[in-house]
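# Give me the fold of what follows.
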Amino acid sequence: VEYPEEYPLTTSHDTVLHIAMYSGQNELVKNLLDILLQVPTTTNKSDILLKVNDFGDTILHEATTTNKIDPDTVSLILRKRPGLLTMHNNNGELPLFRAVRFGNEKMFEYLADLVDAQPDPEAHRIRNDGVNILHIAILNESFELALKIAKKYPYLLDKRDQVGMTGLHLLSSMPLAFKSGCKHGWLRRFIYFCVPNSDTHEDVSESDRVGQGNDGVINEQNIAESKVAPVYGQKNKSKKTKAPNTCIKVYRTIALGLHWINQLCWNRIFRGYGWMEEVKNERKRHESGFRLVKYLIKFDYSWQLSEPGGNPEKIVVTPEQLINPWRKAHYLPTIIFHRHSYQNHNDTNFSKRDIKSHTASQGG
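Modelled structure (predicted):
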């Protein structure tokens, strides 16, 4: 064989470049590119870099499934074959969508900038079945990435999928995404409480900043109140409040010190204990989910319904709007997050935590 690198290596017709991409071997990919670019190409069909496997995945699709591939490597490929950015796989996924599906924030940020310069950038943010990148990020429990998407593309906030679900609907039907949906034993609950909160190290809270409310938004009323001069009779009162303010500063200093000690323990001592890392990741996921739902609820009003003839300030939810979280599969498509599979199931619903057990039950 004159060019063995051109031929598939797996039963699904992955080429050596597909395998190198999926394995996250940056140097190997670059070395293979130097070799493969020497292969003469007459048509796109025989172009090695544009070959797809049985699932329609190009090498760029494979690059988005792992955090190990650097954007520099992808940039090198796209300079040679820019058409890879607009090639769909069999599921109707473009590379940007696939990066979000696998929670690859680094690749999403890189590809998003390239996609914005395309003639039809919106086509990159939605799949053939109507699921957009915000939906898939939530279904994948990549809540931090979902929040970035919600802020970057606000028009997606009220977009619905093929069954009429917005991102907020999907998130509200995932009880395990929040602390209230999880039940722990006393030891696991204690460890959960001890996990360092990424927000607790701030020595100044949002509500203490001049001109800002509890949500950190600048408020004219708050600014005015902070600038009001003390009226007659309040001079002594201001002096009396100096001691409590000092106590608060001491308390914050102690709390900050305890936070860093706790952080050090988690980074140096508790690291490596599998179940403790699992609890830590669970809490981070809950915090991210809570931040996301607080953001979505500000802009998505689909959960509100006015009662005809009733109090306009009263929120009414009809029985049809209530979603039983344990039967949510009736409404939601199932996403199995394997690099070569996307299936819809009407009888069950999987999350990332279900993949391993599902694969084992299927003998894969």
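# all contacts plus neighbour counts: C-alpha atoms, from now on.
Noted.
# Not counting residues beside it along the chain, what's closest to His18?
Ile59 (5.2 Å; Cα to Cα, 6 or more residues apart in numbering).
# Give me the pLDDT for the one you found.
On the pLDDT scale, Ile59 is placed at 95.
# Over to Thr86?
Looking at Thr86, its pLDDT reads 96.
# just checking, it touches Gly92?
No - under the criterion of Cα atoms under 8 Å, Thr86 is not in contact with Gly92, lying 10.8 Å apart.
# Overlap of the contact sets of these two?
The contact sets of Thr86 and Gly92 do not overlap (Cα atoms under 8 Å, 6 or more residues apart in numbering).
# quick one on the thing from earlier: could you report the neighbour count for the residue nearest to His18?
27 (other Cα atoms under 10 Å).
# what does stretch 101-115 contact?
Applying Cα under 8 Å, 6+ apart, the external contacts of stretch 101-115 come out as 64-67, 70-71, 95-96, 99-100, 121, 124, 133, 136-137, 140, 142, 145, 337.
# buried residues in that stretch?
Of the residues in stretch 101-115, 101-112, 115 count as buried by neighbour count, 16 or more other Cα atoms under 10 Å.
# how about the CA coordinates for it, as PDB?
Listed in PDB are the C-alpha atoms of stretch 101-115, where the atom choice follows Å, rounded to 0.1, in the frame of the first residue of the first chain:
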ATOM      1  CA  ARG A 101     -22.500  18.400  23.500                       C
ATOM      2  CA  PHE A 102     -19.300  17.100  25.000                       C
ATOM      3  CA  GLY A 103     -18.800  20.000  27.400                       C
ATOM      4  CA  ASN A 104     -15.600  21.200  25.700                       C
ATOM      5  CA  GLU A 105     -15.500  24.900  26.800                       C
ATOM      6  CA  LYS A 106     -12.100  25.500  25.300                       C
ATOM      7  CA  MET A 107     -13.100  24.300  21.900                       C
ATOM      8  CA  PHE A 108     -16.400  26.000  22.000                       C
ATOM      9  CA  GLU A 109     -14.900  29.400  22.700                       C
ATOM     10  CA  TYR A 110     -12.400  28.900  19.800                       C
ATOM     11  CA  LEU A 111     -15.000  27.700  17.300                       C
ATOM     12  CA  ALA A 112     -17.600  30.300  18.300                       C
ATOM     13  CA  ASP A 113     -15.400  33.100  17.200                       C
ATOM     14  CA  LEU A 114     -14.900  31.400  13.800                       C
ATOM     15  CA  VAL A 115     -18.600  30.600  13.400                       C
END
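# average pLDDT across it?
95.
# Looking at the buried residues of stretch 101-115, which one is closest to Glu278?
Using Cα to Cα, Gly103 comes nearest to Glu278 of the buried residues of stretch 101-115, at 17.8 Å.
# and the closest one, helix, strand or coil?
What DSSP: H, G, I helix; E, B strand; the rest coil gives for Gly103 is coil.
# How much space separates it from Lys183?
26 Å (Cα to Cα, to the nearest Å).
# same question, Thr246
39 Å.
# Ok, Thr253 next?
Counting by Cα to Cα - Thr253 and Lys183 are separated by 33 Å.
# the more surrounded of the two?
When neighbours are counted by other Cα under 10 Å, Thr253 comes out ahead of the other of Thr253 and Lys183, with 14 against 10.
# C-terminal to the helix or strand where that one lies, what's the next element?
Using DSSP states H and E, Thr253 sits in helix 242-268. Sequence-wise, the next helix or strand downstream of helix 242-268 (DSSP H and E) is helix 274-299.
# avg pLDDT for that next one?
The model assigns helix 274-299 a mean pLDDT of 78.
# elements contacting it?
Helix 274-299 sits against helix 143-152, helix 167-172, helix 186-194, with contacts defined as 3 or more Cα pairs under 8 Å, 6 or more residues apart in numbering; DSSP states H and E.
# Which of these has the lowest mean pLDDT?
Note on these: helix 186-194 shows the lowest mean pLDDT, a mean of 62.
# Figure out the length between the terminal residues of stretch 164-173.
13 Å.
# Residues in contact with stretch 132-151: which ones?
By Cα under 8 Å, 6+ apart, stretch 132-151 touches 97, 100-103, 105, 125-126, 156-157, 161, 166-167, 170-171, 177, 285, 288-289, 292, 295-296, 335, 337, 351-352.
# Buried residues, it. List them.
132-147, 149-150.
# Next: stretch 77-92.
In stretch 77-92, counting by 16+ other Cα under 10 Å, buried: 77, 84-89, 91-92.
# Kindly report the same for stretch 149-160.
149-150, 156-160.
# Quick check: the farthest pair among those?
Ile149 and Arg160 (15.3 Å).
# List the contacts of Asn128.
Contact analysis of Asn128 by Cα under 8 Å, 6+ apart lists 91-93.
# any idea how far Asp54 is from it?
The spacing between Asn128 and Asp54, counted by Cα to Cα, is 18 Å.
# about what we covered before: pick out whichever of the buried residues of stretch 77-92 sits closest to Leu50.
Leu84 (7.0 Å).
# I'd assumed that closest one was in a helix, is it?
Yes - counting by three-state DSSP, Leu84 is found in a helix.
# And it, how close does it get to Leu156?
25 Å.
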